[in-house]
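# Next come a sequence and a model predicted from it.
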Amino acid sequence: MQLRSRIANRIRYDLKYGLMIETLLRQLLRLGIEISFYYVFREGLSDTKSQKVKGKAEHGEITFLSIDEMRQIACIDDRRDSETDFRERMERGDQCLALKVDGMIAGFTWCRFDLFDYPPNLGFKLQRNEVYLYDMYILKAYRGSDFAPILRYRCYEELHKIGRNVLFSFSDKFNNPAIRFKKKLGAHITNVCLYIRLGKRIRWNWNLRSYPIFP
């Protein structure tokens, strides 16, 4: 009876937090089948509901990293991308915006200025005032102290200075931490989408629902 109870509790927990679905999707990915439910977010200072988040990282230095600094982020233990991958991003025009604390990189996010490139090659072209934010990462030593929303807000400010005041990003439907911090800053969900890939060539991307940008 105790075993049955533990199993039942585990199933309820997995269902509540979407873990069972995530496990199933990971298993399908091993078979070459990718299924992704995701949200498209619109963010930025142009949204009057955006709220500045305060914390010990608030006064850290925000800066665009140089191509010579790509080695530093490529050396992070749990990063899969190589220095070559990061350099290729910069060579096509993407920029890496980092938050430094006491001269050390605490977190970073990538900015693409020509395409909202998710799913890959199925996204949309960006206007001159728009940016696609992707691959945000906070180093382990700086997690748990509101570094993610602080970096995001500082990113809004820095991009606003160069005339990029409409920012787009995506989050997996089951990535609750990412969704929470974006909503905390006043980001709006504009679309709910479904992406399916079979093997390397067969791909579909459906817009399941659209929302007004500023309801």
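Structure's in. What do you need?
# Next, count neighbours for E61.
13 (other CB atoms under 10 Å). Bear in mind the C-beta positions are built from the backbone N, C-alpha and C, glycine included.
# can you check L159 too?
Residues near L159, counting by other CB under 10 Å: 24.
# Skipping its backbone neighbours, what lies nearest it in space?
V131 (5.7 Å; CB to CB, 6 or more residues apart in numbering).
# The strand or helix carrying the one you found: how far from the chain's middle?
If you go by DSSP states H and E, V131 is part of strand 130-138. The chain centre lies 6 Å from the centre of strand 130-138; the measure is CA atoms, centre = their mean, to the nearest Å.
# Who are the packing partners of it?
Helices and strands touching strand 130-138, by 3 or more CB pairs under 8 Å, 6 or more residues apart in numbering; DSSP states H and E, are strand 104-112, strand 115-116, helix 147-161, strand 166-172.
# so what strands line up beside the last one?
Using DSSP bridges, the strands paired with strand 166-172 in its sheet are strand 33-43 (antiparallel), strand 130-138 (parallel).
# helix or strand right after the longest one?
If I follow you right, that is strand 33-43. Following strand 33-43 in sequence, per DSSP H and E, is strand 61-64.
# quick one: what helix or strand has R164 in it?
Going by DSSP H and E, R164 is not part of any helix or strand.
# any idea how far L126 is from it?
Using CB to CB, to the nearest Å, we find R164 at a distance of 9 Å from L126.
# re the thing from before, if we compare the strands paired with strand 166-172, which one ends up closest to C193?
C193 lies closest, by CB to CB, to one member of those: strand 33-43, at 5.5 Å.
# Contacts for the closest one, please.
Contacts to strand 33-43, defined as CB atoms under 8 Å, 6 or more residues apart in numbering, come from residues 25, 28, 50, 116, 118-119, 133, 152, 156, 166-174, 179, 182, 185-198, 213.
# Surely D94 and C111 touch.
Yes: contact status for D94 versus C111: in contact at 6.4 Å, counting by CB atoms under 8 Å.
# re the thing from before, where do the contact lists of R164 and L126 overlap?
F113.
# Which residue ranges make up the domains of this structure?
1-31, 33-210 (automatic domain parsing).
# I'd like those domains as TSV, with mean pLDDT appended.
Output for the domains of the chain, formatted as TSV (pLDDT from 0 to 100):
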stretch	mean pLDDT
domain 1-31	54
domain 33-210	88
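# right, so the ones you listed: which one is the most enclosed?
Mean neighbour count (mean count of other CB atoms under 10 Å) peaks for domain 33-210 among the domains of the chain, with a mean of 16.
# returning to that earlier point: which ones are touching the residue nearest to L159?
Contacts of V131 by CB under 8 Å, 6+ apart are 111-113, 159, 164, 166-168.
# Quickly note the distance from it to I162.
9 Å.
# Also I179?
With CB to CB as the criterion, I179 and I162 are 27 Å apart.
# now M104
25 Å.
# F170 now?
Counting by CB to CB, the gap from F170 to I162 is 22 Å.
# What of G107?
On the measure of CB to CB, G107 and I162 end up 20 Å apart.
# cool, and E91?
For E91, the distance to I162 - CB to CB - is 20 Å.
# cool, Q72 as well?
Applying CB to CB to Q72 and I162 gives a distance of 23 Å.
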